[in-house]
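> Need a 3D model of the following:
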Amino acid sequence: MENKLSHIDDSGNATMVDVSQKEISTRVAIATGRVIFPKEVFTTLSAQDFLGKKGSIIQTAVIAGIQAVKRTADLIPLCHQLALSKIAIDIQPVGTSLQISCTVKCNERTGVEMEALTGVTISALTIYDMCKALSQDITITDVQLAKKTGGKNDFNR
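Got it, this is the predicted structure:
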């Protein structure tokens, strides 16, 4: 790994990375995160099949995450616009939390790590928004890149 920030030029200015000379390849990234609830809140939500007054908490979070993945370049200034070929968000109850996984795939010259991380983060924020009336003691945690393939350096946590 280079010991140089890729989005800062020699003068210290922010710059978008020039990927024009890179080979097009299939790029996949998987990010994960968790939303942890107080036990009594999770018990209530679980008993209601995660349906709130605003609708299905999980399905709303999935849709929000998908929308966010498609808007990553609008949200993070130096990200490239990418033609995405797959977005899959999975949200599963684990203990007193909802575990979120976001898989993003494309055939491009640059990876989709930021898209996967954005999908997890916005899904988690949507869950928080839909549940905050029950408690503000909800924690969003462990948002991280789990895996990426297809670029110069693959990664697997």
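
> How far off centre is the longest helix anywhere in the chain?
For the chain, the helix with the greatest residue count under DSSP state H is helix 113-131. Remark: helix 113-131 is offset 6 Å from the chain centroid, using CA atoms, centre = their mean, to the nearest Å.

> Show me where the chain dips below the pLDDT cut-off.
Applying pLDDT under 70 to the chain flags residues 1-2.

> 90 - rerun?
1-23, 52-55, 78, 110-111, 151-153 (pLDDT under 90).

> what element comes up after the longest helix of the chain heading to the C-terminus?
strand 139-149 (DSSP states H and E).

> Give the other helices and strands that that following strand contacts.
strand 25-36, helix 113-131, strand 155-156 (3 or more CB pairs under 8 Å, 6 or more residues apart in numbering; DSSP states H and E). C-beta coordinates here come from the backbone N, C-alpha and C atoms, glycine included.

> Any chance of TSV for those, columns mean neighbour count and distance to Leu75?
TSV is the format used below for those (neighbours: other CB atoms under 10 Å; distance: least, CB to CB, whole Å):
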stretch	mean neighbour count	distance to Leu75
strand 25-36	21	15
helix 113-131	24	6
strand 155-156	12	22
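
> follow-up on the earlier one: compute the inter-axis angle for the longest helix of the chain and strand 25-36.
For helix 113-131 against strand 25-36, the angle by axes from the mean of the first three to the mean of the last three CA atoms, to 10 degrees is 30 degrees.

> Which among the helices and strands packed on strand 139-149 is found nearest to Ser46?
helix 113-131 (11.8 Å; CB to CB).

> what packs against that closest one?
Helix 113-131 sits against strand 25-36, helix 57-70, helix 72-75, strand 84-94, strand 97-108, strand 139-149, with contacts defined as 3+ CB pairs under 8 Å, 6+ apart.

> Before I go, just wanted to say thanks for your time.
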